[in-house]
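Colleague: next comes the sequence, and after it the predicted model I'd like to discuss.
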Number of protein chains: 2
Amino acid sequence: MVLEDAGTGTSVTTVTEAKTRSWWGWGYAEDAVAGAERAALVERVAALLPGQDLTDHQPPDPRQLALPATRVHPPNALAGLCSDDAVDRAAHAHGKAFRDVVRNLHGELRHVPDLVVRPETEQHVIDVLDWCGRAGLAVIPYGGGSSVVGGVEPRCADYPGAVSLDLSRLDRVIEVDTVSRAARIEAGVFGPHLENQLRPHSLTLRHFPQSFEFSTLGGWLATRAGGHFATLYTHIDDLVESMRVVTPVGVSESRRLPGSGAGPSPDRVFLGSEGTLGVITEAWMRLQDRPRHKAGASVHFADYDSAVAATRAIAQAGLHPSNCRLLDAAESFLNAGVSVSGGVLILGFESADHPVEAPLARAIELCRDHGGTAAEKTGTSAEWRSSFLRMPYQRDALARVGVVVETFETACTWDRFPALHSAVMTAARNAIAEVCGVGVVTCRFTHVYPDGPAPYFGVYAAGRWGSTVAQWDEVKAAVSEAIFAQGGTITHHHAVGRDHRSWYDQQRPEPFAAALAAAKSALDPAWVLNPGVLLSNTGSPW
Amino acid sequence: MVLEDAGTGTSVTTVTEAKTRSWWGWGYAEDAVAGAERAALVERVAALLPGQDLTDHQPPDPRQLALPATRVHPPNALAGLCSDDAVDRAAHAHGKAFRDVVRNLHGELRHVPDLVVRPETEQHVIDVLDWCGRAGLAVIPYGGGSSVVGGVEPRCADYPGAVSLDLSRLDRVIEVDTVSRAARIEAGVFGPHLENQLRPHSLTLRHFPQSFEFSTLGGWLATRAGGHFATLYTHIDDLVESMRVVTPVGVSESRRLPGSGAGPSPDRVFLGSEGTLGVITEAWMRLQDRPRHKAGASVHFADYDSAVAATRAIAQAGLHPSNCRLLDAAESFLNAGVSVSGGVLILGFESADHPVEAPLARAIELCRDHGGTAAEKTGTSAEWRSSFLRMPYQRDALARVGVVVETFETACTWDRFPALHSAVMTAARNAIAEVCGVGVVTCRFTHVYPDGPAPYFGVYAAGRWGSTVAQWDEVKAAVSEAIFAQGGTITHHHAVGRDHRSWYDQQRPEPFAAALAAAKSALDPAWVLNPGVLLSNTGSPW
């Protein structure tokens, strides 16, 4: 297929012939960074991290891993959907964070699902929940497995077994309403297959997270994923018309409505529930016409504070750019190949209905008011975009040579951003200095709102093979403390999972936590759904 | 104060000198329809409803009402905040629906709060909840009392007493963040006083429901009110940055965040909770710069289906009009003084940053594609606007002469709108024919979304004095059944309250109802908060 605008606007050709999903790392094994790309990447990193040992470590043969034996035997009626294959179990043990990939490279798989179950119908999902509820088995809903927060890792030692519920066979667009521009879609569909099914109707969801190829609609909904649009429809939440969720006490289906005021929104309770309240099986999603008008620019700034002020002005002007990504100097240099002291603002506008030159011109004018210089349109932007889509593969290549390479993200109000940015950069640099020696921290805005940005940070630091997970965990703890102390959210679009729990537990209001636990007890009385995510297992009888 | 654009764009001058709030009807007693306005109104209605007895019925003296004696005595520490004055209690017994006003006119006040309590601090709210929780007294959070769904009426005969918790003394803008364009605002503030406090900062909330003068921020939040913007920021929900809610088990305060993906949104659980989960005391609200650029037009259509198609095209074009209100022929004639067979589309665009002629021109072009004719800009639109703000007062004047006059509203997807519109109009006309004889039904869109409109219906029907509430209840049941059967929501922005319960209970997914009841038990263990709203009192120990 040809995917227009994956992620941020570039054209990407993905193939329909079968490729092999990597069991240990990102995406397809065939697309891993290799050859000249790898040589150039390692060379750049060597310059950045002097003294780094760059020995390449091969992933282990997944058949040679000493996985714990399966403790669980499915009922006969479900046996045909279940796999206890070692590679299958290993591939479902971790998400795709740096710490997941590195642990895979070390063959360190402590928490492995006993079975991988692949339902083919909603009734299968109901049957699996019934069985697991009776047997007290943990159920880990699994979409594309691209979690970077421990969301799919069965850390449930206190349960007699754990089942990874892989929804990828529920992958159809069932119904398209071209009048209302909406479609009823099964939750296990991956991004490209979803867009392929919408294409004949000249419609698109236009939700393109970086994980687009390797994540599913249900995963996006369960984690409140952030998508293509830098403004307005930033999270998948806004594109939901109704949802169908299998809970252990019954199926919850909301009405298809363009808007409603009838009590608290049922959908908003399941959005972000990360598999703890039910298994999303279908959703009616709001779609878009395919854009016919596009315009974009890159604007260079000599001063970062001015670049931030310009971005704020655009976010507050009601211009609604589809792309409004401010890269700081380090991000511009490393991922867009541009040397500029204050950073680069990448702007994009799109419409299926009308020309977008006027809002772009106004946005550039606002940039000029803050000292920005519009650069040639295609250069930076295109380079950065292709880099964006290769980043997870490059991350894997660097993880293999012992580099500490990971991202983290937040959102805060504009008034707090300078202090948050400074505190987070300082915390990151200090932690890197202490546990890694040398390293670089980058920052970009993935989304911007009238009342604040969503900054996204990247870390590239010297690592010691065998210790890089522990090194990263120390850096992560330091930056998370800084984010929390400065009033940010522990996650804008990566979700909470298991890894953000200690900060999430402090961030959420205590009465809300009590309400959420009570809701879980009502919907999942045996507390078998994704234990440890969002909530501790205190309600569990197991 | 001068209020720009109250409701829909007109300028309204409200006075700062004290007026008297009507105890039985809408707004200020001094602003009631009288004199020439009343004569003209009655003449129009006489033509519309031949045979209607137009005797004017005076409201009773509230001091002469035989109210049930107060059963409740506050603790000494709270006594100074409490009123058992008969007029105060009578004025807090009902909301402002037609059925409320008519029952007031008849002196029929069956459910009257035992006390009206006016906290002056958040600690007072906490103390009141503590007292009522211990004593098992129902607590009815009360903002402006403009509910049209029985939301503030203490129908709690099974409780030993009921307290109306009037939050109007919590009326300050506490803090303004001009950088992020947000303000921390106490929940009891009325619309005009809120805007007056923001004006010195050149900021505005721009939330102008029809009830603007007589409703509060907390009421808007608790009921997911619909506001000024016909597209994009339709509900108050989208303008919320964080909320502070006093629950019986503690204060819930969310972080100020422009966006977040950390679990299900805590704010979205309290938005629409209608006083059943806690008492909203403060919120950080997202504000706007005051608009400097405006453009508008009225477009006439010969055919209603074409008018609907044009409105849909605009809603799906990403033009984001601030006003996009399609009046059908009856609504155009009655409230805008225009005779046109297919209806009138009132369009408005506004911006604080850039000219809006281009999107208006494009919207008009889309109308022309569907057979619309742009009319002179000011006429229809201005007439309809001033009519809009007088409607509740006119409703009261008509209620006094025994006319059945009320509104109801919903939202549905575009594909379902023709069938829903037809079924609702038929149900309304049949019910009117059966229980009233003659009458008129009008329809307008208050808000439109890419995937569907929010239609708002008006009924003017012949009534028999003494029976008009029963007559309306029959019409309302018929149209609610039609809305429900055709896939609409029982309310887009009027809330559920007590009057929409039988349809709301069917509309919401059953597992969600279980989760909501569990959340209520966790937050309000004694089930004293607004009993009967959203949920039945099955969890109540009283």
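Modeller: Here it is on my side, so go on. Numbers count the residues shown, from 1 in each chain, chains lettered A, B, ... in the order given.
Colleague: leaving out the residues flanking it, which one is nearest to A:Leu334?
Modeller: A:Thr442 (6.2 Å; Cβ to Cβ, 6 or more residues apart in numbering or on different chains). Glycine gets a C-beta too; all of them are placed from N, C-alpha and C.
Colleague: and A:Ile174, by the same measure?
Modeller: Closest to A:Ile174 by Cβ to Cβ, 6+ apart is A:Arg184, at 4.6 Å.
Colleague: for chain A, which spans come out with low pLDDT?
Modeller: In the predicted model, chain A carries pLDDT under 70 at residues A:1-17, A:376-384, A:538-542.
Colleague: quick one: residues contacting the residue in it sticking out farthest from the centre.
Modeller: For chain A, the largest distance from the centre (Cα atoms, centre = their mean) belongs to A:Asn76, which lies 35.8 Å off. Not one residue lies near A:Asn76 by Cβ atoms under 8 Å, 6 or more residues apart in numbering or on different chains.
Colleague: using the three-state scheme, assign the residue nearest to A:Leu334.
Modeller: The local conformation at A:Thr442, judged by DSSP: H, G, I helix; E, B strand; the rest coil, is strand.
Colleague: so A:Gly51: helix, strand or coil?
Modeller: Assignment for A:Gly51 (three-state DSSP): coil.
Colleague: spit out the contact partners of it.
Modeller: By Cβ under 8 Å, 6+ apart, A:Gly51 lies in contact with A:Gly437, A:Val438, A:Ala462.
Colleague: how about the closest residue to chain B within the stretch 1-150 of chain A: what's its closest non-neighbour residue?
Modeller: At 10.3 Å from chain B, A:Val149 is the closest residue in the stretch 1-150 of chain A, using Cβ to the nearest Cβ. Counting by Cβ to Cβ, 6+ apart, A:Gly497 is the residue found nearest to A:Val149 once chain neighbours are left out, at 2.9 Å.
Colleague: tell me if I'm right that the one you found and A:Ser146 touch.
Modeller: No. Using Cβ atoms under 8 Å, A:Gly497 is not in contact with A:Ser146; the gap is 11.5 Å.
Colleague: hey, what's in contact with both of the two?
Modeller: A:Gly95.
Colleague: who's in contact with A:Phe408?
Modeller: Residues near A:Phe408 by Cβ under 8 Å, 6+ apart: A:Tyr456, A:Phe457, A:Val459, A:Lys476, A:Val479, A:Ser480, A:Ile483, A:His494.
Colleague: correction: A:Ala138
Modeller: A:Cys132, A:Pro154, A:Cys156, A:Tyr159, A:Gly161, A:Ala162, A:Val163, A:Val528, A:Asn530, A:Pro531.
Colleague: so what's it bridging to?
Modeller: Counting by DSSP bridges, A:Ala138 forms beta bridges with A:Ala162.
Colleague: and what of the one 4 residues further on?
Modeller: Following DSSP bridges, A:Tyr142 is listed with bridge partners A:Asp166.
Colleague: tell me the spacing between the residue farthest from the centre of chain A and A:Leu167.
Modeller: According to Cβ to Cβ, to the nearest Å, A:Asn76 and A:Leu167 sit 22 Å apart.
Colleague: re the thing from before, could you identify the most distant pair in the contacts of A:Ala138?
Modeller: A:Gly161 and A:Asn530 (14.3 Å; Cβ to Cβ).
Colleague: settle it for me: which of these two has more neighbours?
Modeller: More crowded of A:Gly161 and A:Asn530, by other Cβ atoms under 10 Å in any protein chain shown: A:Asn530, with 29 against 18.
Colleague: which residue is the nearest non-sequential neighbour of that one?
Modeller: In this structure, A:Asn530 finds its nearest non-sequential neighbour in A:Gly275, 3.9 Å apart by Cβ to Cβ, 6+ apart.
Colleague: just A:Thr489 next, same as before
Modeller: Once flanking residues are discounted, A:Thr489 sits nearest to B:Ser260: 4.1 Å by Cβ to Cβ, 6+ apart.
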